[in-house]
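J.: please find the sequence and the predicted model below.
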Amino acid sequence: MNVVASTVVLSITDPGSSSRFFTTHLGYREVLADEESVVLVRDDAAPDVLLRQRDLELPPGPRAVGALVSFAVTGIAAEYERLRRAGANLTVPLRREPWGELLLELTDPNGVVVRLTEWIPPAGR
């Protein structure tokens with residue numbers, strides 16, 4: 001098998017607000033939108049994102065569980081400052097983990113958590 005592309009599908013209550021979040025803060029652009037869904041892409045290795053209107057008639061279940069999307073990035077310190085200045089909802093400030101990772105988290109209006117990580121040598125190595 002050879003994976004040639006990937007898409008993260010998020011079932012949420014308001015695709016429009018998540019689309020604005022991803023395009024404003026994470027460099028995505030809309031390539032397709034209708035009343036129930038939005039497709040977002042970037043020109044790098046990030047997966048495409050499909051934001052789908054969650055069916056409010058369905059009983060609670062896996063679709064009602066929160067989602068976390070994680071991106072490995074470079075230049076995370078500069079991204080943190082850019083996001084902070086832009087007023088993004090930073091829910092975990094930039095921090096260094098002992099196993100060799102800088103990370104931060106921001107949360108979109110639908111509760112989707114986006115984690116940005118940059119891998120660095122662990123402290124003391």
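T.: Sure, I can see it.
J.: make it CA atoms for all contacts and neighbour counts henceforth
T.: Fine.
J.: quick one: the strands in this protein?
T.: Using DSSP state E, the strands of the chain run over residues 7-12, 29-33, 37-41, 48-53, 68-72, 90-97, 101-107, 113-119.
J.: how far does the fourth one sit from the chain's center?
T.: By that I understand strand 48-53. 11 Å (CA atoms, centre = their mean, to the nearest Å).
J.: now that strand: buried residues?
T.: 48-53 (16 or more other CA atoms under 10 Å).
J.: try the second one
T.: Residues 29-30 are the ones in strand 29-33 that count as buried (16+ other CA under 10 Å).
J.: let me know the closest of the buried residues of strand 48-53 to Ile120.
T.: Ranked by distance to Ile120 (CA to CA), the buried residues of strand 48-53 are led by Asp48 at 25.9 Å.
J.: adding mean pLDDT, write the strands of the chain out as a markdown table.
T.: Output for the strands of the chain, formatted as a markdown table (pLDDT from 0 to 100):
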| stretch | mean pLDDT |
| --- | --- |
| strand 7-12 | 90 |
| strand 29-33 | 95 |
| strand 37-41 | 95 |
| strand 48-53 | 92 |
| strand 68-72 | 89 |
| strand 90-97 | 94 |
| strand 101-107 | 94 |
| strand 113-119 | 92 |
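J.: quick revisit: farthest-apart pair in the buried residues of strand 48-53, please.
T.: Asp48 and Gln53, at 16.5 Å, using CA to CA across these.
J.: relative to Arg52, how far out is the residue nearest to Ala67 when sequence neighbours are not counted?
T.: Take Ala67 and drop its neighbours on the chain: the residue closest to it by CA to CA, 6 or more residues apart in numbering is Val112, 5.2 Å away. Val112 sits 13 Å away from Arg52, going by CA to CA, to the nearest Å.
J.: kind regards, and thank you for your time.
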